[in-house]
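**Q** Here you go, sequence then predicted model.
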Amino acid sequence: MSRDLQYTDNGKLRHFLTIEDLRKETLEQILSTADKFTQFGQREIKKLPLLRGHTVVNLFFENSSRTRTTFEIAAKRLSADVINLNPDTSSTSKGETLLDTVDILEAMHTDLFIIRHAKSGVAELIAQHVPDHVHIINAGDGQHAHPTQAMLDMFTIRQYKGSFHELRVTIVGDILHSRVARSQIHALNSLGVHEIRVVAPNSLLPAQIERLGVHTYTDLLQGLDGVDVIIMLRLQKERMHNAYIPSEQEYFNLYGLTTDSLAAAADDAIIMHPGPINRGLEISSEVADGPRSVILPQVTNGIAVRMAVMAMTLGGASDV
Amino acid sequence: MSRDLQYTDNGKLRHFLTIEDLRKETLEQILSTADKFTQFGQREIKKLPLLRGHTVVNLFFENSSRTRTTFEIAAKRLSADVINLNPDTSSTSKGETLLDTVDILEAMHTDLFIIRHAKSGVAELIAQHVPDHVHIINAGDGQHAHPTQAMLDMFTIRQYKGSFHELRVTIVGDILHSRVARSQIHALNSLGVHEIRVVAPNSLLPAQIERLGVHTYTDLLQGLDGVDVIIMLRLQKERMHNAYIPSEQEYFNLYGLTTDSLAAAADDAIIMHPGPINRGLEISSEVADGPRSVILPQVTNGIAVRMAVMAMTLGGASDV
Amino acid sequence: MSRDLQYTDNGKLRHFLTIEDLRKETLEQILSTADKFTQFGQREIKKLPLLRGHTVVNLFFENSSRTRTTFEIAAKRLSADVINLNPDTSSTSKGETLLDTVDILEAMHTDLFIIRHAKSGVAELIAQHVPDHVHIINAGDGQHAHPTQAMLDMFTIRQYKGSFHELRVTIVGDILHSRVARSQIHALNSLGVHEIRVVAPNSLLPAQIERLGVHTYTDLLQGLDGVDVIIMLRLQKERMHNAYIPSEQEYFNLYGLTTDSLAAAADDAIIMHPGPINRGLEISSEVADGPRSVILPQVTNGIAVRMAVMAMTLGGASDV
C-alpha cells in the first residue's frame, strides 16, 4: 500500500515516506541525482531555479532545528520559497485536527510538505489525504522511518566505498527505538550489501529483528569484527530513566566506540553517526573527530540528498 | 479620520486598516485585483516581481501562525523579502514603546508592516505615526477589525454567488467579541447585500448592533431561514469560563451548524468560517467537510486578497 | 593574534571580530563601502546580487531580535539566503558542543556566520576553528566587543560631523559592562578623534580605563562640557539588583541626558544611543526624540554598515 502511495500511476516518485516499499532503481536514482547536486554545492553560486515559484512547508510537529535547517537550505538552493511551521504552539493547539492544518496549508497553494512528527505513520496519513499535486517527504515519524537520513547514509557509504556488494555494515546502539536504524536496514538490504549486523544490549534490540535480514550481537567487539562501515546511533539520554541501560558510564564501557574497540573493524572502516553526537556516551571524541569519521561529510551529503528527493517528487528529476 | 488615513491625497489606498471608512470602489478594486492573482495562483510558477526589493515586516504582537503564514506566502509570491517578528519576547519587553519598535524597523528602510495586536486601534495608531512611504495593513486588532479576513470572505461570496444585491447573509456566533464579524458587516453593507442577520445568544450580542443595519436573532433556525450565505464564527473556548455560554454541549445544541439546522437555509446556501474551526462546538464535521462548505476556498482566496491589498498599498495596483 | 585572524594572508578582511586589531584603512574602507550601500537603500528596488547563492547563518546563542533583524535585512538586500538559528533551544541543549554546532552548519556549505553569544571570545573561538572559505562576523560577545555597532556609530558621526580629527566625544553610562563602549573607544582612537571622554559613577567605570586613551568623569556636566558627540549607553536594569546604582530615579538625576544637561555640550552636538532606549532612565524622551538625536539614522546606517562588512568578508568589496 505504501508503494502505491509513493509512486504515481506512471511510476514516478510522488511522495518519499519510507525506504521499505521503494524500488531499488528509485534509491539508485536518488543517489545519482544527489551526485549532481553535490558537485553543484561546491560552486561559487549555489542556486538552481528548479523549484522557483514553489512553496515548501517545513511542518515540524516535533522540533528539530538541525533537520529543519537541512531541508530549508536544500529548498532555498533550489529557489523554492520556504515556510517554517512548528504547529505545537499554534493552530493545532486551538483544536483543529492535524489534517485540518494540512488542508489549510494546502489551500494556500503550497506544493511540498516536509513532515516530522513524534508518532509513527503521520507522514503516510497525510500523504493519503492530500490531492495529487501535493507532495510529502517524511523527515522522521516516531520510531518508524527517517528515509532521507538513510539515503544520505547510503550516499556517504557509496562515496567512500564505491559499491555496496562486498560490504559488511554494523549498526550500534538503540536499535529498538531508532527510526534511523529501521530505514538504514531497508536501504542496505535493497542496495545489496553483503552483511548487516546490529549491536545492542538485549534491552535495546527489537524482538525478531533478524527477520529484517540482520545478524544481532550483544558484544561490541564481535559485532565490529572485520566490518567496513560502522554506524553509531545516538543514545537518547531519557532511555536511562526508563531502565533500558544501567548507567552512562557502563553503556560507554560496553558499547561506546573508542580507538580500542575500533581496532576490531577493518583497517579502512568508516564511522558514521546521524548526529547530534553524545561525546563520551556512544562515541569517544578521539574517534568522532578522527581520520576515519565521516560524520561531517554525512551532513554535507544530506543537503544534496534532500535536494534530490525534493527535485524528484516535486520538480521532475529529469530537469536536473 | 480613518478615511483620511487610509487614502493618499490623490485618492489611492495608502493603508488598509478597517473596512468602515473605505469607498465601495476600493472594495471592488480589491476584489478585481485579487481575481487576477487567483488565476495566477494556479500557474506552475507562482511568483511575480511586483514587490521585488521591498521588505514586508510581519509584526505580530499577538501570535497567529496561520494568519502570519498567509501574509508571508502572499508577500513571497510578490517577490518581497519578509521579516517575521513576534515582539512580545524581544525589544518591547526591554522597555521600548510600541512606536519605538516601529520607528526602528522603519529606519531599516522597510516598506510595509502587517500589524496584529490584541488591543483595538493599534494598527491605526501606527498608521498615524509612520512617514508617507511606509504602509500599514491591519491583520487584526483587538475586537475592532480584521479587514483582510472580511475581504477574502467577500471574494468568496462573489465567487460562489456572482453578485451581492439579492443575497441574504447570516453570521452566527460570538458577535460581541468578533473583529471578523464587525469587518464583515461593514463590507456586506458597503457592497449592498439585501439583508444581513446575526444570530447569537443575548450574552454574545453587542448592545445596539442593529444600528449597523443588521437583524438580530437568538434562534438559529429563524436566523438561517432562507439565507444564501452562512458565516459561522469561531467560539473562543475561554468565553465559557467567563459565563457567556453555559456549556459547550448546550452551545452546540442551540447554535451549532448541523445537517439539521442547515436545512433551514436556501438549498444552495454556502457555509463559511474564518478558521480554525472547533469541530462539534460551532459546526459539525459533517457540515464543515460537506459539499456546501467553502471553508478551504476561503483560505485559497485569502492569499490572493492579501496579495491584492499589498500590491495596492505598496506596489501600485495598476502594475498588476 | 586577532589581527592575523581577521585578515587573509594577502591582507583582505576575512573575519570581523573586534575593532581592536584592525588597520585604520580597513575601518575607512568599511565606511566608504557603506556609503555606497546607503545611497542604494534609498532606491525603489533595494536589492543587489552580490551574495546571491551564498548562505548566511544568524547564529544567535544570545537572543536579540533587533540585531538579528538588521543582519537578516542586510543579507537579503545582498540576495543571500538567510537561516536564523537560536541554538539554546535546539542541538546544543542535546549535548553537542558549540563547535560541533558550527561544524555541522559549515558542513552544509554555509558561507558566513553572524555570531552573538553571552560569553566574551566566542566569535574569535569560532573564527579560529572554521576553514578558510567560511567567514565570521561578531554580532556581540559578552562584555568584549560589538564591532558592527561601533562602525555604524562611526559612520553616523562622519555623516553629521564630516571628519573625526577635531571632535570631542563623550560616552555616558555603564562603561564597565559595555561591549559597545569598548568597541567604540577602539574605533574612535583609530580614526583619530581629538578627545574621548567616558562618564559614569565609579561603580560602572572599569579599572584603568584611562589606558585606552580616554578621560574619565563621574560628573555628567563636566563630561559633556563642550563636546560634539554624546553617546548614551543603555543601562541594563538588572544592574540595579547588583547594587551598581542606587535607584533608577537617582541614576536619571545624576546621569540621565535631559534638555538641561545637554546644554553643557556644544550647540550642534549630536546624541547617539545603540538602542533600545530606556526612556526616563538614561535619556529623557524630549532629548531622545529631539532635533539633535540621531538615534534613528544610526539604525538606518546599521543596515548599510552590515552590508559593507558582509560584502568585504564574503563577497569581495571591490565588486560593490
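**A** It's in.
**Q** now the stretch 101-250 of chain A, which segments are flagged as low pLDDT?
**A** Filtered on pLDDT under 70, the stretch 101-250 of chain A yields the residue ranges A:239-241.
**Q** quick one, helices of it?
**A** Per DSSP state H, counting those that start in this stretch, the stretch 101-250 of chain A carries helices over the ranges A:122-129, A:147-161, A:179-191, A:220-224, A:238-241, A:248-255.
**Q** Pull the distance from the helix or strand following the last one to the chain's centre.
**A** If I follow you right, that is helix A:248-255. Sequence order places helix A:259-262 as the next helix or strand after helix A:248-255, per DSSP states H and E. Computed by Cα atoms, centre = their mean, to the nearest Å, the chain-centroid distance of helix A:259-262 equals 26 Å.
**Q** Only C-alpha atoms, please: export helix A:259-262 in PDB.
**A** Output of helix A:259-262 as PDB, limited to C-alpha atoms (Å, rounded to 0.1, in the frame of the first residue of the first chain):
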ATOM      1  CA  THR A 259      40.200   3.700  19.500                       C
ATOM      2  CA  ASP A 260      40.400   0.400  21.200                       C
ATOM      3  CA  SER A 261      37.000  -1.100  20.000                       C
ATOM      4  CA  LEU A 262      37.500   0.400  16.600                       C
END
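**Q** name the helices or strands packed onto it?
**A** Helix A:259-262 makes packing contacts with helix A:220-224, helix A:285-288 when contacts are defined by 3 or more Cβ pairs under 8 Å, 6 or more residues apart in numbering or on different chains; DSSP states H and E. Glycine gets a C-beta too; all of them are placed from N, C-alpha and C.
**Q** swap the cut-off to 6 Å and go again
**A** When contacts are defined as 3 or more Cβ pairs under 6 Å, 6 or more residues apart in numbering or on different chains; DSSP states H and E, helix A:259-262 packs onto no helix or strand at all.
**Q** In stretch A:286-293, which residues are buried?
**A** A:V287, A:A288, A:D289, A:S293 (16 or more other Cβ atoms under 10 Å in any protein chain shown).
**Q** correct me, but the first one touches A:S261?
**A** No. A:V287 is beyond contact range of A:S261, at 8.6 Å (criterion: Cβ atoms under 6 Å).
**Q** count of residues packed around A:A118?
**A** Using other Cβ atoms under 10 Å in any protein chain shown, A:A118 is surrounded by 13 other residues.
**Q** would you say A:L31 is within a helix?
**A** Yes. A:L31 forms part of a helix when assessed by DSSP: H, G, I helix; E, B strand; the rest coil.
**Q** Count the residues that sit near it.
**A** 21.
**Q** could you check the distance from the closest residue to it other than its chain neighbours over to chain C?
**A** Of all residues not flanking A:L31 in the chain, A:F155 sits nearest, at 5.5 Å (Cβ to Cβ, 6 or more residues apart in numbering or on different chains). Separation of A:F155 from chain C (Cβ to the nearest Cβ, to the nearest Å) stands at 14 Å.
**Q** ditto for A:L224
**A** Distance, A:L224 to chain C, by Cβ to the nearest Cβ: 24 Å.
**Q** any idea how far the residue nearest to that residue when sequence neighbours are not counted is from A:D225?
**A** Once flanking residues are discounted, A:L224 sits nearest to A:A264: 4.1 Å by Cβ to Cβ, 6+ apart. Note on A:A264: its distance to A:D225, by Cβ to Cβ, to the nearest Å, is 5 Å.
**Q** same thing with A:D100?
**A** Taking Cβ to Cβ, one finds A:D100 at 53 Å from A:D225.
**Q** So if I had to pick from those two, which one is more boxed in?
**A** Neighbour totals were compared for A:D100 and A:D225, and A:D100 leads with 22 against 15 (other Cβ under 10 Å).
**Q** Quick check: which element contains the more buried one?
**A** helix A:98-107.
**Q** possible to save the helices of the stretch 101-250 of chain A as a markdown table with mean neighbour count?
**A** Below are the helices of the stretch 101-250 of chain A laid out as a markdown table (neighbours: other Cβ atoms under 10 Å in any protein chain shown):
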| stretch | mean neighbour count |
| --- | --- |
| helix A:122-129 | 21 |
| helix A:147-161 | 24 |
| helix A:179-191 | 23 |
| helix A:220-224 | 18 |
| helix A:238-241 | 12 |
| helix A:248-255 | 17 |
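**Q** quick one, which of the ones you listed is nearest to C:L31?
**A** When the helices of the stretch 101-250 of chain A are compared by Cβ to Cβ, helix A:147-161 sits nearest C:L31, at 44.6 Å.
**Q** contacts for that closest one?
**A** Outside helix A:147-161, the residues that touch it by Cβ atoms under 6 Å, 6 or more residues apart in numbering or on different chains are A:16, A:18-19, A:30-31, A:34, A:138, A:167, A:180, A:183-184, A:187, A:229, A:270, A:274, A:294, A:297-298, A:301-302, A:305-306.
**Q** Which strand residues bridge A:I115?
**A** Per DSSP bridges, the residues bridged to A:I115 are A:L59, A:N138.
**Q** Contact partners for it?
**A** So A:I115 contacts A:L59, A:A123, A:I126, A:N138 (Cβ under 6 Å, 6+ apart).
**Q** Among the buried residues of stretch A:286-293, which one sits closest to A:R197?
**A** A:V287 (18.2 Å).
**Q** what about the closest residue to the closest one other than its chain neighbours, how many residues close to it?
**A** With sequence-adjacent residues excluded and distances taken as Cβ to Cβ, 6+ apart, A:V287 is closest to A:L257, at 5.2 Å. Neighbourhood size, A:L257 [other Cβ under 10 Å]: 24.
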